[in-house]
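Enquirer: any chance you can model this:
(2 chains)
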Amino acid sequence: MGKKSKSSTAGSSSAADDAKHEAQLQAVILADPFSDTFRPTSFDRCAPMLCPLNNVILLDYTMDFCAGAGVEELFVVCVDELVEKHVNAWQQTNSAMMSVTVVRDPSLTNAGDALRELDRRDLVQSDPFLLLRGDVVANVDLQRVLQEHKERHKQDSSAIMTLLFKPVSPWNVTTPPQQDDNKGVTTKPKATYSTLRSSTEDLVVGLDTSTTVAGHAPRIFVYDDQPSQSAIKVPCSFLTACPNLDFRCDLLDCGIDICSPDVLARFSDAFDYRDIRREFVADSVAEEEEGLQQKLYAHILQPHEYAARVQDWRTYSAVSYDLLRRWCYPIVPDNLPSGYEKQFRYVQQRSHVYREQKLGRTRVGRSSVIKGGGMIGSHCFIGENCVIQGTVIGNHCHIADNVTLTNCHVWDGVSIEQGATAVNSILAYECVVKAGAKVSKGCVVGEGCIIGANMKLPTFSRITTVSKDAEGSDDDSDEFDDSDEDDEEEEGTATKAKTGSSGGGGDGGKDEVAVETDHHIVGKDGRGRLWLPSVDDDDDSDDDDDEGDQSALLAKINEMKSRSIGFDPTNLYSERKKEQESAQQDDGYSDNEADNDATMRMDEVVDDGVAFGTADTQTDGASETPTYGRQAGVDVVQELKNICLEFEPGSPMENLAIELNSYKFSQNATYSDCAMGATLAVLDLMQITPGMTPGRLVGALKSQLEVWAPLLKRLCIGTEEEKAIIVALENTAIGGGDIGTVLGVGPSFRFVLQTLHDEEVIGEDPVLTWASERRTEIARGDDNARIQLFQQQPVQDFLEWLEGESEEDDDDEDDEEDESE
Amino acid sequence: MTASSIPDLGSNSLSTSDPAAVRSWLSKHHPKQLALLDKFEIELRLGRLSSTTKAGPDGVIAAVGATSTSDRLLVTRRTVGLLKHIIGATRWKNGAQLLVLLRGLGRELHEVGGFREPVIENIVRRVMAAVREEAAGEPDGKATDTGRLSLQSILWALPQHVKSPSNRSLSRTDSHQRQSSIASEADLESTNEFPPAFYVNRPELKQTVMEAIQEIVTELEDVYGNIEDQATNHIHAGEVILTYGKSKTIERFLIAAAEKKRTFQVVVCEDSPSFGGHEMAKSLAKAGIDTIVIHDSAIFAVMARVNKVLLSAHAVLANGGLVASSGSNMVALGAYNNAVPVVVITGMFKLCPMFPHEGQDTLNDLVSPSKVMDITEIKDDLLSSVELINPVHDYVKPEHVSLYVTNVGSFQPSYIYRLLAEYYHTDDWKSFE
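Expert: Model prediction:
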């Protein structure tokens, strides 16, 4: 499985060339989206990058763009076998343009892996090289950008990357002022947005505009495209370093980067980077330490330059629309990319309708109306009285009479029967829409599917012929072999057989429930099942924290809808705006709290970390104080505890210590956090049951400490850490639950403390500082569960004994004790 | 497969002008030339032939970026350079083979987007005409009857001479266009499409053809000079000249007149939405010319004051009309209404053997509407349903043109078709479709 295949056509020659010409420009295309936004069609004949966009394979736009940019050697990184086949075929017809090497590895699951794989193979030599996503459509002339990057990199070796951005309109939601007349007119919020922008990103870029004189690319200081984040964080040092920091939310990331080879090395170093944007770029620009900074620059496109990514069906439709309207001139349908111009020639007619003229043979009924922004391929038949608007039609399509198509994408070989209607949909290769059927907005009808007569597909449904079992496996070549002509001939039997095997899941008319072949959706004579996103199949999604599969599925479905054609994002944007506005207020609070003293802050962290459910202390409800260099929303102590719990008792403690340490660094945590985590883990491992006597408790603790004491001692480098252990204990004791009740009742707490002291895990000093802190709280008049625990008689006895023991060394403590008593 | 049916051409020579055959022949025998052709094609398709920062063969660096005025002369020169390279490096034995190759290249370039840049096809035709001349003009000096058909030769020739072999071959090529199969073309090849002299293998032909091409190159280099020499004949002291947008030819024409101490005033139309007129005005003012910039809507208003209108051309058509930058028709019509003479200043390399059958759509192209409206303005579905159109060219009728000033002299529009016969061989007129 892990064996990598390499195209033999170009591989051998390019290797020899590399040594000779270092200067020749190389490019890397990541020809896989590493996401499931194009599903289910990505399981059919075409991988996502092989979808036809305006009757041209998507990947071919990108490859042609590379050829136009003067790239001499191209690497196409892909997962899918079909992509490899396609690229090799392309290479055959356009042999002289540039040498193309396919790097295929079915085990790649994300962009970071792909780059690490490239680095491992040591293929990329040129400085700079181009890094593109395979779904880029652009008309940008890169000569100047490349030149500028080269000069920057020469002057400053840490300037490793230049990203291209296109200004588009930023999203916003405005609610028109409510009129006070009593007509009952509800004013709807109105959203302004660019359809080129994916609904799942919300990009804010911070640029240093002081260097933009003479058209130089500004440096990026902030890159944040997470819609879940309501605020962006900017270290103060950045604000002092560049006074002209410009924050822009009107930029669209084009997926075109100019990189120095260092970028690949960086990916190899940081083995956990998965996404180029969210992880690598965001992290690199956020680095505060001057010496560690990698400088990334932004190149803002001119108005006449166009570049956009086809990330999902919604952007697919938007880019298609723009191409038809010639925004990307000269990348327009009547100027086809290399290889296509030999076969086809589209001629533009009024209102941006393009018709194939070279092969021709397309017949359109006299009474049919074809309106603005569309394409009709060769060998098509369009009947009478059709209304076709804004629709791209592929080759060999058959459209009968009285058909209405609005803003659809009809791929090759589709047949649509009399009176059928389709709105904002994708009709993939060779699918059939039977007479009178209605395909509602946002639907994707997969390859070879049949929508039965007079059926109405629900909005945003995706129909596929691929069975669920095949979906899971990476290799879908079997599905591909399942030739389409056969399917159409034996449609009746095939569907029946499928239904039988699926276990008859006709769950009424519910759209949310996935069933194998859904006759209630596609009709008796239909074929194909409703596809729904699967919840647990990838961990890329952000909704891990959702409870229950149902809500997770719902979130997935909502995301799928938002990525479909015809989705109206007004609600999405207004909700996002609301969230961000409310979160802004929250941030105001947390800023105030950041001024409070350190101990206070630490307690809060602990409170949040060990909340076992009740804990209604006064500090509760306050949000976690943000710590620099820490992933937002991560409960560090809890994570550390989990690391400890995952530890296998047999293996050396050394390993765990290293693991804790590295996590500590990655989250900018302290040893106190580690000690707390470890303590909580120990308490968990003691398997405390209700009604456990203090004696057995101590026994259990002792047996655990035999293993854990070395680690705890190792983690405790000072008083602070040892105190953290006590605080952890304390919080557990007052936190309720089984452990809490056992630990909080009677002399248990004291015994545990004493045992830890006896085992020399905690010394006297931390206990005494802890005690003095609590006493000051009492002096302030506080009274809560924590104080009550402290004031337990056994605890006081233990403290007294301890103080008596340390009296001779420490007079100050003594004084303090007297005061408080 | 067709190659084998023509034994005298040998298996390793090109037998048809089919672009695919030309490509496969090049990739088989001359991969380097194919790579060059590919590079040229992709730049042509992306519209970067005239505006790349990479210096051309003569070290010419064209303006970077967005100016709508692309330098057609540079495109022409690069095309000649490409043809020279391919002709010089490839193996062919006689005139017929070379013509087949050139026609194939012409079709290839037409397919990939040459229909947008008519000058490319024009220059291929020029080279083909030159090859015909060289191939026909044998050292012993006979067979001039297969040469170019000019009006003069038709008028003064004997009636039987008019039905010369070349005329017959014209009708034959016409018929072959109707049948488009490769086989019929191969038949034509064997039934001698070209005069017999073309099939004689002549090793020195390459040398003479290269010399002929060099002549064309020299002519192209002298285009501006020859036009500038006529400046004082057309621009008189105290005149008010109106010109539209930016054109290098007109810019140099006006500056040449100014350098010869003529004092005149120039009204420059700004040429929205690309605003080449601003740049034009700047460079004219730099040369010390009294310059006025007006917006396009004011053209009709100022026309009464104007003595002469100068227009540049994208292509000059066979009927004497011209394709010029968008808005030129408005200028021409305004001038016609006010009886102001319209003078078109252009190099003859823009002369196309085609007629404006499509009216305003002839050779027209719609470019990105980014200049009409910025894409950031498009915020909702409402505006995105509005159609934005940005055509680059206008067709101007021959009736609205008074005079063509070219590098080979000044002509009436009605005389243009005659020049066609001088420049290109009649057999090549329609061979690239």
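Enquirer: domain-wise, how is chain B divided?
Expert: Domain ranges of chain B: B:2-221, B:226-423, per automatic domain parsing.
Enquirer: which of the ones you listed has the lowest average pLDDT?
Expert: Mean pLDDT per stretch puts domain B:2-221 lowest among those, at a mean of 70.
Enquirer: for A:L701, which of the domains of chain B is the nearest?
Expert: domain B:226-423 (64.9 Å; C-beta to C-beta). To be clear about C-beta, it is placed using only N, CA and C from the backbone, and glycine gets the same treatment.
Enquirer: measure the closest one end to end?
Expert: 17 Å (C-alpha to C-alpha, to the nearest Å).
Enquirer: what about the residue in the stretch 651-800 of chain A that chain B sits nearest to, distance to B:K308?
Expert: Of all residues in the stretch 651-800 of chain A, A:N668 sits closest to chain B, at 38.5 Å by C-beta to the nearest C-beta. Distance, A:N668 to B:K308, using C-beta to C-beta, to the nearest Å: 76 Å.
Enquirer: if you count surrounding residues, which of those two has more?
Expert: Taking other C-beta atoms under 10 Å in any protein chain shown, A:N668 and B:K308 do not tie; B:K308 has more neighbours (20 against 13).
Enquirer: which parts of the stretch 201-350 of chain A sit against chain B?
Expert: Remark: the part of the stretch 201-350 of chain A in contact with chain B comprises A:250, A:302-304, A:306, A:321, A:325-331, A:335, A:337-338, A:341-342, A:345, A:348, using C-beta under 8 Å from any C-beta of the partner chain.
Enquirer: so where does the residue positioned nearest the centre of chain B fall, helix or strand?
Expert: Most central in chain B under C-alpha atoms, centre = their mean is B:V119, positioned 2.3 Å from the mean C-alpha point. Take DSSP states H and E as the rule and B:V119 turns out to sit in helix B:118-136.
Enquirer: do that helix and chain A meet at all?
Expert: No: judged by C-beta under 8 Å from any C-beta, helix B:118-136 stays clear of chain A, getting no closer than 14.5 Å.
Enquirer: related to what we said a few turns ago, pLDDT score for the residue of the stretch 651-800 of chain A closest to chain B?
Expert: pLDDT, A:N668: 78.
Enquirer: give me the element it is part of.
Expert: Short version, using DSSP H and E: A:N668 is in no helix or strand.
Enquirer: now it: how far from A:Q638?
Expert: Counting by C-beta to C-beta - A:N668 and A:Q638 are separated by 16 Å.
Enquirer: and if you look at A:Y316?
Expert: Distance from A:Y316 to A:Q638, by C-beta to C-beta: 41 Å.
Enquirer: how about A:L118?
Expert: For A:L118, the distance to A:Q638 - C-beta to C-beta - is 36 Å.
Enquirer: between the two, which one's more packed in?
Expert: Ranked by neighbour count (other C-beta under 10 Å), A:L118 and A:Q638 place A:L118 first, with 23 against 16.
Enquirer: and the residue of the stretch 451-600 of chain A closest to chain B?
Expert: Using C-beta to the nearest C-beta, A:D568 is the residue of the stretch 451-600 of chain A that sits closest to chain B, at 8.6 Å.
Enquirer: picking up where we left off before, can you select the buried ones among the residues of the stretch 201-350 of chain A next to chain B for me in PyMOL?
Expert: In PyMOL syntax, the buried subset of those is picked out as below (16 or more other C-beta atoms under 10 Å in any protein chain shown):
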select buried, chain A and resi 250+304+306+321+325+326+327+328+329+330+331+335+337+338+341+342+345+348
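Enquirer: of the residues of the stretch 201-350 of chain A next to chain B, which belong to strands?
Expert: Applying DSSP state E to those, the entries found in strands are A:Q348.
Enquirer: in helices, which of the residues of the stretch 201-350 of chain A next to chain B fall?
Expert: A:Y321 (DSSP state H).
Enquirer: any idea of the pLDDT on the residue nearest to A:Q389 when sequence neighbours are not counted?
Expert: Once flanking residues are discounted, A:Q389 sits nearest to A:K371: 4.2 Å by C-beta to C-beta, 6 or more residues apart in numbering or on different chains. Note on A:K371: pLDDT of 87.
Enquirer: distance of A:K371 from A:Y329?
Expert: 22 Å.
Enquirer: A:V263 too?
Expert: 31 Å.
Enquirer: with A:N385 instead?
Expert: Distance from A:N385 to A:Y329, by C-beta to C-beta: 34 Å.
Enquirer: who touches A:V205 in this structure?
Expert: A:F165, A:I220, A:V222, A:Y223, A:D224, A:F247, A:R248, A:C249, A:L251, A:A298 (C-beta atoms under 8 Å, 6 or more residues apart in numbering or on different chains).
Enquirer: quick check: beta-bridge partners of the fifth one?
Expert: Listed by DSSP bridges, the beta-bridge partners for A:D224 are A:V204.
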